[in-house]
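1. Structure, please.
(2 chains)
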Amino acid sequence: MAKIDLVNVTKRFNKTVALDGIDLTIHDKEFFVLFGPAGAGKTTLLKVIAGVEFPEVGEVRISDENVNLVEPAKRNISMVFENYALYPHMNIFDNIASPMRSPLYKKDEATIKREVHKVASMMKIDHLLERLPSQVSNGQRQRTALGRALVRDPNVFLMDEPIAHLDAKLRHVMRAELKEMQHEFSTTTIYVTHDYLEALSLGDRVGIINEGKIVQIGTGEEVYLTPANEFVARLMGDPEINIFEIDLVDEDGVLGGVMLGQKKPHLIPEDVAKVINDGGYTKIRIGLRGNDFNYSFTKVSPEYMDATVYSVEPIGNKTILVVDVNGEKLRVIAPNDIKVELDQPIYVNVKMDKAMFFNAEDGNFIIRHNQKQLLEVD
Amino acid sequence: MAKLILKNVFKRYENKDKKKKKAVNPLAVNNFSLETEDGEFIGILGPSGCGKTTSLRMIAGLEDITDGEIYIGDMKVNDVDPKDRGIGLAFEDYALYPPLSVYDNIAFNLKAKNVSADDIKKEIDRIAPMLKVEELLEMRPAKLSGGQKQRVNLARAIIRKPKLLLLDEPMSHLDGKMRQVLRIELQRLHKEIKCTTIIVTHDQLEAMSLADRIAIMKDGELQQFGTPLEVYDNPVNEFVAGFIGEPPMNINTVKVEKTDKGTFFKFVDADIAIPVPDRYLPVVSEGMKVRLGVRPTDLMIGDENSKGSDAKISVFENLGEERKISFRVGTEFLTLVTPDEKRYKQGDPVKLEVKADKTHLFDVETGEVIRAK
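-> This next block holds a predicted model:
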């Protein structure tokens, strides 16, 4: 059980700044996901907490105690890596027992037996203790690895992309496996990933890191629905969000946005317009995900923009269309049985009530329609 | 441009290990027949070791054919040299010549054929914009990103105006976003050059998004050949059903049970029972075990009046655009995906419904599809 505080943690490798003044508090028993692209500093941050890397500047505190000078082995931190690293020649029992047979955490065999059974029943693998890792399922192997990491009751549990090496389909299953047993371990956990689905699914909170800096911290819904900036918006979702500039026009006090070479402005929702006007924003970009469009093969209303089909990808349960509106390529999600040819005309409209509004000057998020209601948990 | 025809093609690699003279290798490709339309984009899809690359190499002439015939257009190519088959090749490895500029890399094959410098320039000016490499022509390969290298590689393959373009996992070195971009460009390129194209891949998403038709292989044998929607909606066996689609189709063992409320598929490893769709009633019998396949998007949570099966949520994931709900079934999950925004918790009891017309049945022993009468 432990709270973790990082205070102004900075780390350089030669001239590269890997961590740049990180301030972060991870609550006791929280499942915290650290999410970002390759090279963002995720793993370095994990290593600094584990004590495998030294911060150059700043403090790492575990339960309010500065551990900068505490050796990794004495921090009582457990790590789970990609591929689990189970001992193939040991059965599940001995694998789970192995940390308690190490010199530092040595326990007597009676305690070991009790603890292994406790963890194994928590992980629902108590009927498999005699089996070798090769004789159990993938999910059960993952449970064994987690059980082994938990058995000595660590202060902190660090997981570095534990399922990143699996193919996309297996990742779906293993993510659900992890999530199912999450509430079983009430240990402060930091989970590193570059997969936005894992971040959204698993984290009590998600911390998004880029170029050594924390960009946003929030629940999965917060970072998905109200990303701090365009960078975060682009990390979340597949196909990638569409972001493009609009020109603001004020017609008799009604704010609209002219986009993509159209003549007529699209109406901006009132609550959004107020924030834009009050904030004095003049340059705006909007972000729309693949589902935030309507399309049609006839021009049903003047708002529908003339477009052509640039590419068609039927990927099973849906089709991803890229449509070209005056040179801007938009990624639009359509049903899987849609019949279209490349370069055929199509008409698309934007759902302005789903649009995210960004300040084009710095890329920061301003507002979206109904923002408060969207984030209310019922 | 040309049709490609494979007639009962077999491949068995010779045993090179002299100590085991008598041992015979299993067939790498087993009775593979395929006929494409002119200008069609074909995906050959399967897991590693399924024979897809071997098939491509036989088409290219890089591998002998043990038995069978291959035609490119009207020409039987069994004994034709690779260079005379009229093919363009792009592999996973870009294999660009490091000391040559991008321009000279693309020009290389034409130079070898003594095409005049003027004609080469004309061709490169035509091809470069299609692959968006105009800006790169003076650069050396070492300066290029992975995506750019593969574009140059593709330019080199199509500059000879091949009758048949063969691509072997051209995107497996690239990261997710770059793949998305190149996939779209390949689709555009194919529309422009209209060359019959074969892409070999283990990535079902790649095959689905690019190919007009997909040939799915396993253990050297063709399993199914059809459009992306056909293989998605009507898989011929459990292997194809599980291989196509993400998240994968739920496939679970169920037992047919008759009660006073009707006939049900009762899950063997969970307390879930769903009504047997009417069209299957003639082909199932009480006590029979079958494998039931349902795509995650074909399961739904019913309202309070629902007659669906009682089930308890094991995992609830809010994934932004959609919600994924999993139900524990033995060591596996039964998974549902919905755009519905309602939030649930672990342990919540719900009514589980199935779109009856979207269910698939497979034989427990053979994995072959059981069709409704």
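2. Looking at chain A, which residue is nearest chain B?
-> A:Glu313 (3.5 Å; C-beta to the nearest C-beta). (C-beta placed from N, C-alpha, C; glycine too.)
3. Can you give me the neighbour number for the nearest residue to that residue once chain neighbours are set aside?
-> Spatial nearest neighbour of A:Glu313, excluding adjacent residues (C-beta to C-beta, 6 or more residues apart in numbering or on different chains): B:Ser209 at 3.5 Å. Per other C-beta atoms under 10 Å in any protein chain shown, the neighbour tally for B:Ser209 reads 24.
4. residues making contact with the helix or strand containing B:Ser209?
-> B:Ser209 belongs to helix B:204-210 when assigned by DSSP states H and E. Here helix B:204-210 makes contact (C-beta atoms under 8 Å, 6 or more residues apart in numbering or on different chains) with A:168, A:313-316, A:320, B:41, B:43, B:45, B:171, B:179, B:183, B:186-187, B:190, B:199, B:201, B:214, B:228, B:232, B:243-246.
5. Please parse chain A into its domains.
-> A:4-230, A:242-375 (the TED database).
6. and the lengthiest helix in chain B with chain A, contact?
-> What stands out as the longest helix in chain B, according to DSSP state H, is helix B:176-193. Yes: counting by C-beta under 8 Å from any C-beta of the partner chain, chain A has neighbours in helix B:176-193: B:Lys177, B:Gln180, B:Arg183, B:Ile184, B:Gln187, B:Arg188, B:Lys191.
7. My read is that the second one contacts A:Pro239, right?
-> Which is B:Gln180. Yes: the criterion here is C-beta atoms under 8 Å, and B:Gln180 meets it with A:Pro239 at 7.0 Å.
8. More neighbours: which of these two?
-> B:Gln180 (22 against 18).
9. Now do the SS call for A:Lys11.
-> A:Lys11 falls in the strand class when you classify it by DSSP: H, G, I helix; E, B strand; the rest coil.
10. I figured it hits A:Ala18, correct?
-> Yes: the pair A:Lys11 / A:Ala18 is scored as a contact, 4.8 Å apart, by C-beta under 8 Å.
11. Need the overlap of contacts for those two.
-> A:Gly41, A:Thr44, A:Gly212.
12. Using CSV, please lay out those residues together with secondary structure, neighbour count and pLDDT.
-> Output for the shared contacts of A:Lys11 and A:Ala18, formatted as CSV (DSSP: H, G, I helix; E, B strand; the rest coil; neighbours: other C-beta atoms under 10 Å in any protein chain shown; pLDDT from 0 to 100):
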residue, secondary structure, neighbour count, pLDDT
A:Gly41, coil, 24, 92
A:Thr44, helix, 21, 93
A:Gly212, coil, 23, 94
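13. residues in chain B within reach of chain A, list them.
-> B:177, B:180, B:183-184, B:187-188, B:191, B:205, B:208-210, B:228-229, B:232, B:244-248, B:295, B:297, B:314-315, B:317-321, B:324, B:326, B:328, B:331-333, B:335, B:337, B:339, B:343, B:346.
14. Give me the ChimeraX select line for those, limited to the buried ones.
-> Under the burial definition 16 or more other C-beta atoms under 10 Å in any protein chain shown, those of the residues of chain B next to chain A that qualify are selected in ChimeraX by:
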select /B:180,183,184,187,188,205,208,209,210,228,232,244,245,246,247,248,295,297,314,315,317,318,319,320,321,324,326,328,332,333,335,337
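15. and the residues of chain B next to chain A, which of them are in strands?
-> Judged by DSSP state E, the residues of chain B next to chain A include B:Val315, B:Glu317, B:Asn318, B:Lys324, B:Ser326, B:Arg328, B:Glu332, B:Phe333, B:Thr335, B:Val337 as members of strands.
16. Identify each of the helices in the chain and give its residue range.
-> Here I'm looking at chain A. Taking DSSP H as the test, the helices found in chain A are A:42-50, A:92-97, A:109-122, A:138-150, A:168-182, A:196-202, A:220-225, A:230-235, A:270-279, A:371-375.
17. My question was about chain B, not that one.
-> Under DSSP H, chain B gives helices at B:52-60, B:102-112, B:117-130, B:146-158, B:176-193, B:204-210, B:228-233, B:238-243.
18. Nearest approach to A:Tyr304 belongs to which of these?
-> Distance to A:Tyr304, taken as C-beta to C-beta, is lowest for helix B:176-193 among the helices of chain B, at 23.2 Å.
19. Could you check how far the closest one is from the centre of its chain?
-> Taking C-alpha atoms, centre = their mean, to the nearest Å, the mean C-alpha location of helix B:176-193 is offset from the chain mean by 16 Å.
20. cool, and stretch B:218-228?
-> The answer for stretch B:218-228 is 9 Å, by C-alpha atoms, centre = their mean.
21. try stretch A:283-292
-> The answer for stretch A:283-292 is 20 Å, by C-alpha atoms, centre = their mean.
22. Counting neighbours, show which residues of it come out buried.
-> For stretch A:283-292, the neighbour count (16+ other C-beta under 10 Å) marks A:Ile284, A:Arg285, A:Ile286, A:Gly287, A:Leu288, A:Arg289, A:Gly290, A:Asn291, A:Asp292 as buried.
23. So which of those belong to strands?
-> Short answer: the buried residues of stretch A:283-292 in strands (DSSP E) are A:Ile284, A:Arg285, A:Ile286, A:Gly287, A:Leu288.
24. close enough to count as contact, the second one and A:Asn229?
-> Read that as A:Arg285. No: using C-beta under 8 Å as the test, A:Arg285 is too far from A:Asn229 to be in contact (10.6 Å).
25. Give the residues shared as contacts by those two.
-> Common neighbours of A:Arg285 and A:Asn229, counting by C-beta under 8 Å, 6+ apart, are A:Phe358, A:Gly363.
26. middle-most residue in chain A, spatially?
-> For chain A, A:Ala199 is the residue whose C-alpha lies nearest the centre (C-alpha atoms, centre = their mean; 2.9 Å).
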